[in-house]
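**Q** Sharing a model prediction with you, sequence too.
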Amino acid sequence: MSALLEVRNISRSFGSTRAVDDVSFAVREGELLGLIGPNGAGKSTLFNVIAGVIPPTFGEILLNGAVVTGWKPYAMARAGVARTFQIPKPYRQLSVVENVMMSAFLRTKSMAAARELADTVLADVGLTAYRETAANVLTVGLLKRLEVARALATRPKLVLFDEIMAGLTPTEVGAMTEMVAGLPARGITVIWVEHVLYAIMKTATRMVVLNRGKLIAEGSPAAVARDPEVVKAYLGEEIELA
Amino acid sequence: MARVAATGGASGRISLLPRRGQMSWFEIALLLACVAWVGVGLAPSLADVTVLTFLFAGLALAWNIAGGYAGLISFGHAAFFGIGAYASTILLLSYDLTPWIGILVGAVAAAIAGSVLAVICARLRGPFFILSTLAFAEVVRIGALNWSSLTGGAEGLSIAPMPDLANMVLASKSAYAALMLCYLGLAFAVTRGIEASRFGYYLLAIRDSDEAAAAAGINPLLVRTGAMALSAALTGIGGTLFAQYFLYLDPTYVISPELSFQLALLPAVGGLGTAIGPVLGSFVITPLSELLRSYLGNAATGLHLVIYSLVLIVVMLYFPSGIAGALDRLTRRKAPP
């Protein structure tokens, strides 16, 4: 099967710092790809390059085999690539449902249809009770869920999750993990950056590990967890915490 | 900052700020009162202030589309006002084109200027955007002052004061008040229409976060440009109406920073990002400033401005979400559970 998204030799420098260094990997449709690595490994930079927020210094991004390098974020969203923000960026003065409707408008002009889609997604992430709440009073955990809801409401083919578990209680992590695990079956391919390892390790179909901007390992969660280089760079002590 | 009634509008609740895009009873009553006020016939002493109050309410609504909903705070809207006023007046004086058509030409010219400003300032946010709008208006003002072959320069342009409906020179102040009320109604209807539309939601999106908007497939620059164009076009229409009322134009007033500040101030006092706010702002502030000027203007030079400023400071301090926000809280508290 051909790749939905292909990242070819992507590098991104900020001044003399090379945040992402010659990274290549591909995601096939229906995969749930975990992307892990220590802080500063370049995960968020890589996300921003894929989502079109910053152009790569070198390399190419292909979506369904077509080159989309340098596309603007809104063009990527329209092409079916949604993303969440590690630091939530809600529309603070709008209600939760209006926040999600904003994304739903990408696929429908109708107010009623947008509200309906938003309500479906809110139920998926467990935010129905906060439907009319203004976003500026939500806790971090709820804002993370709102990020997920907004991404899903664009009806994406591929969604990029950036640390959606941070700030969630263990119960919430369980519910969210289950929801994310169900996405591929609904035709949504996932690339997921996460520090809450027990959640991602049991859900991902494949893992990619970054360290200092370079791809150091790729494979099944079990294989990656045993990889000596990964253990040295990242897992060592953290796996016990998890 | 004004908080939009995001949670408002539940059916059956008495609220000044209904769900976006809908009319409240308060608004309908206010509109009918305005129509009655004009219909009954105006006392000569109240005619002038009525005309100005309606005109500035319309202008405040126009400013609010960009400044209130989209968060594009502009201190340069006098430029669009001036462009509208000069476009129709020059077309009337030099080409004998009726202002009924000139008003549309002026609106289009102002919209183009607004789009250009939005594109030039694409990367600027917050204070930097505000300052560039101020500079833009100054460029337009100085241009109008010096291009005297077209604008008459500092001497200005005069329209012959001969009542003629075809040339939009009306016979009575009551007729002008009716015309300005139509303008207010148009600006209000456009505002409500925007609120109920997808475009209206996009304005609110870019006010809070360009990045989040882009991630939802919204092109922020396109929305900013659209907001400025629409806001400028409506402001330009107000400019033509002003020219047809005063029958005289000069850059020193029509494109002044003072006017720009006034246009930003009215919605801020009334309630940013609400439809009724700019109307309330003008209904309170415009008569106040006119009354103060007529009663105190001769007694002590500048005293009326001191009092005017004090009132504004009090409003800003104690009603940060504007008159509309304060009234909304009041009505909600009184509403039955």
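**A** Arrived safely, thanks for sending.

**Q** List the contacts of the residue in the stretch 51-200 of chain B that chain A sits nearest to.
**A** Chain A sits closest to B:R198 of the stretch 51-200 of chain B, with a gap of 5.0 Å, by C-beta to the nearest C-beta. Just so you know, the C-beta spots here come from the backbone N, C-alpha and C atoms, and that holds for glycine as well. Listed by C-beta atoms under 8 Å, 6 or more residues apart in numbering or on different chains, the contact set of B:R198 reads A:F105, A:K109, A:M111, A:A114.

**Q** and the residues you listed, which are buried?
**A** Buried subset of those (neighbour count, 16 or more other C-beta atoms under 10 Å in any protein chain shown): A:F105, A:M111, A:A114.

**Q** burial count for the closest residue to B:Y295 other than its chain neighbours?
**A** Of all residues beyond its chain neighbours, the one nearest B:Y295 is B:H304 (7.6 Å), with distances taken as C-beta to C-beta, 6 or more residues apart in numbering or on different chains. By other C-beta atoms under 10 Å in any protein chain shown, the residues close to B:H304 number 21.

**Q** Work out for me the element B:H304 sits within.
**A** helix B:303-318 (DSSP states H and E).

**Q** Tell me the buried residues in that helix?
**A** Quick answer for helix B:303-318 (16+ other C-beta under 10 Å): B:H304, B:Y308, B:V311, B:L312, B:V315.

**Q** Got the confidence number for the residue nearest to B:Y295?
**A** Here the pLDDT value assigned to B:H304 is 72.

**Q** Likewise for B:I14?
**A** At B:I14, pLDDT is 41.

**Q** do the same with B:A299
**A** Confidence at B:A299, expressed as pLDDT, is 70.

**Q** Now name the helix or strand holding it.
**A** Assigned by DSSP H and E, B:A299 falls outside every helix and strand.

**Q** What distance do you get for it to B:V306?
**A** Distance check for B:A299 against B:V306: by C-beta to C-beta, to the nearest Å, it reads 12 Å.

**Q** can you count the residues close to the closest residue to B:P161 other than its chain neighbours?
**A** Of all residues not flanking B:P161 in the chain, B:L247 sits nearest, at 5.3 Å (C-beta to C-beta, 6+ apart). B:L247 has 14 neighbours, counted by other C-beta under 10 Å.

**Q** got it, and A:G15?
**A** Residues contacting A:G15 under the criterion other C-beta under 10 Å number 5.

**Q** repeat for A:I54
**A** Residues near A:I54, counting by other C-beta under 10 Å, number 15.

**Q** Excluding chain neighbours, give the residue nearest to it in space.
**A** Nearest non-adjacent residue to A:I54, counting by C-beta to C-beta, 6+ apart: A:N48, 5.0 Å away.

**Q** quick one: the one you found is in a helix?
**A** Yes - the assignment for A:N48 (DSSP: H, G, I helix; E, B strand; the rest coil) places it in a helix.

**Q** distance of it from A:P73?
**A** Separation of A:N48 from A:P73 (C-beta to C-beta) stands at 9 Å.

**Q** again with B:I307
**A** The value you get for B:I307 to A:P73, if C-beta to C-beta is used, is 50 Å.

**Q** quick one: secondary structure of the residue nearest the centre of chain A?
**A** Closest to where the C-alpha atoms of chain A average out (C-alpha atoms, centre = their mean) is A:F161, at 1.6 Å. Local secondary structure at A:F161 is given as strand here, using three-state DSSP.

**Q** Contacts only, for it.
**A** Shown in contact with A:F161 (C-beta under 8 Å, 6+ apart): A:R83, A:T84, A:V148, A:A151, A:V180, A:V190, A:I191, A:W192, A:V193, A:E194.

**Q** Relative to chain B, which of the residues you listed is nearest.
**A** So of the contacts of A:F161, ranked by how close each gets to chain B (C-beta to the nearest C-beta), first place is A:R83, at 5.6 Å.

**Q** Look up the residues forming beta bridges with the closest one.
**A** A:L160 (DSSP bridges).

**Q** Now that it has come up, it's in contact with A:L46, right?
**A** No - counting by C-beta atoms under 8 Å, A:R83 does not reach A:L46; the two are 11.4 Å apart.

**Q** Okay, and B:T53 sits in which element?
**A** Here B:T53, judged by DSSP H and E, is contained in helix B:44-64.

**Q** again with B:A213
**A** helix B:210-215.

**Q** if you average pLDDT over stretch B:57-69, what comes out?
**A** Computed over stretch B:57-69, the mean pLDDT rounds to 96.

**Q** right, is that stretch up against chain A?
**A** No - against chain A, stretch B:57-69 shows no contacts by C-beta under 8 Å from any C-beta of the partner chain, the least distance being 10.5 Å.

**Q** next one: that stretch to chain centre, how far?
**A** Mean-position distance between stretch B:57-69 and its chain equals 5 Å (C-alpha atoms, centre = their mean, to the nearest Å).

**Q** before we move on, what about stretch B:290-303?
**A** Distance, stretch centre to chain centre, for stretch B:290-303: 24 Å (C-alpha atoms, centre = their mean).

**Q** Helices along chain A, start to end?
**A** Counting by DSSP state H, chain A has helices at residues A:43-50, A:73-78, A:96-104, A:111-125, A:140-152, A:170-181, A:197-203, A:221-226, A:228-230, A:236-241.

**Q** which one of the ones you listed has the most crowded surroundings?
**A** Comparing the helices of chain A by mean neighbour count (mean count of other C-beta atoms under 10 Å in any protein chain shown), helix A:96-104 ranks first with a mean of 27.
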